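*Asks:* What follows is a predicted structure for the sequence shown.
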Amino acid sequence: MLTHTEENYIKAIYTIQHASPNQEASVNEIADRMKTKPATVTDMLRKLSEKELINYRKYRKLNLTDAGKTIALQIIRKHRLWETFLHEKLNFSWDEVHEVAEQLEHIHSKKLIDGLDAMLGYPEFDPHGDPIPNAQGVIPPSNAIYLSDAEQGKKYVITGVKNTHTLFLQQLEKMQLQIGTLLHISGKMPFDNSLVIHIDKSKANPLMLSEKIATNLLVVPAS
């Protein structure tokens, strides 16, 4: 049984490692994500190393062992299932679910989580479009790209967000940009890489999206 703090570190390491080309994480990266000091991180890494959950050598980058990765995927699965439950069953908005799920993800009852998964119909993606690992830790595939990499003149469907910050999600709501929104890219501005888009079936004026917003939206080509 791990402490909540140990679980949070394992999830943080997995997230950093998953985004790294070399599948590794550094002490400073972990400290930034955990909002703590590198010395505090080093103490925790020693503990996780003793439990054989990370491959760790002082002054080197690190990664999770197979056991550590299994635990990380279990935590992520619980977190995203709880987000889905809060959104679909309790009508939490997508900018409200993250903080509550951060607390609920530490529940260790496998029976409860498996039952939650079944009740929700075995969802593959959470309210932010993030893939939900199944009970075996398998993550569903996705062909999503960042909106900033999409082609001008084509239509796309929003499938997820990279940034789940409350203010960002609230801004998307005001712009009528949600999971499932169909949009058409009508222009790209070469100076600052901003995009001009039209929301399908909307009579509103075109929207101008900054590069920052576009790099935090995940889309797939419209069929």
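*Replies:* Received it, and whenever you're ready, just let me know what you need.
*Asks:* Walk me through the domains of the chain.
*Replies:* With domains defined by automatic domain parsing, the chain comprises 4-64, 145-221.
*Asks:* neighbours of residue 80, just the number please.
*Replies:* By other CB atoms under 10 Å, the residues close to residue 80 number 23. From N, CA and C alone the C-beta is placed, and that goes for glycine too.
*Asks:* helix or strand for it, which one?
*Replies:* helix 66-89 (DSSP states H and E).
*Asks:* Show me what that helix packs onto, helices and strands only.
*Replies:* helix 4-19, helix 97-104, helix 110-119 (3 or more CB pairs under 8 Å, 6 or more residues apart in numbering; DSSP states H and E).
*Asks:* and the ones you listed, which is most packed in?
*Replies:* Ranked by average neighbour count under the criterion mean count of other CB atoms under 10 Å, the helices and strands packed on helix 66-89 are headed by helix 4-19 at a mean of 19.
*Asks:* avg pLDDT for the very next helix or strand once past it?
*Replies:* Going down the chain from helix 4-19, the next helix or strand is helix 27-34, by DSSP H and E. If you average the pLDDT over helix 27-34, you get 97.
*Asks:* And the contacts of helix 27-34?
*Replies:* Here helix 27-34 makes contact (CB atoms under 8 Å, 6 or more residues apart in numbering) with 8-9, 12-13, 15-16, 37-38, 40-42, 45.
*Asks:* List just the nearest of these to residue 78.
*Replies:* Residue 78 lies nearest to residue 8 out of these, by CB to CB, at 12.7 Å.
*Asks:* Flag the shaky bits of this protein, pLDDT-wise.
*Replies:* Across the chain, the ranges flagged by pLDDT under 70 are 201-204.
*Asks:* which residue is nearest the middle of it?
*Replies:* residue 130 (5.1 Å; CA atoms, centre = their mean).
*Asks:* need the contact list for that one.
*Replies:* Contacts of residue 130 (CB under 8 Å, 6+ apart): 80, 160.
*Asks:* and if you look at the one 10 residues further on?
*Replies:* When contacts are counted by CB under 8 Å, 6+ apart, residue 140 touches 124-125, 131-132, 134.
*Asks:* Tell me which two in the residues you listed are the farthest apart.
*Replies:* 125 and 134 (12.1 Å).
*Asks:* Need the phi and psi values for residue 155.
*Replies:* The phi/psi pair for residue 155 (degrees, to the nearest 10) reads phi -100, psi 140.
*Asks:* contacting residues for the residue lying closest to it once chain neighbours are set aside?
*Replies:* Closest residue in space to residue 155, ignoring its immediate chain neighbours: residue 222 at 3.9 Å, by CB to CB, 6 or more residues apart in numbering. Going by CB under 8 Å, 6+ apart, residue 222 touches 154-157, 182.
*Asks:* related to what we said a few turns ago, buried only: go through the contacts of residue 140 for me.
*Replies:* Among the contacts of residue 140, those buried by neighbour count (16 or more other CB atoms under 10 Å) are 125, 131-132.
*Asks:* measure residue 66 to residue 17 for me?
*Replies:* 13 Å (CB to CB, to the nearest Å).
*Asks:* quick revisit: want to throw the helices and strands packed on helix 66-89 into CSV with distance to residue 207?
*Replies:* CSV is the format used below for the helices and strands packed on helix 66-89 (distance: least, CB to CB, whole Å):
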stretch, distance to residue 207
helix 4-19, 28
helix 97-104, 25
helix 110-119, 36
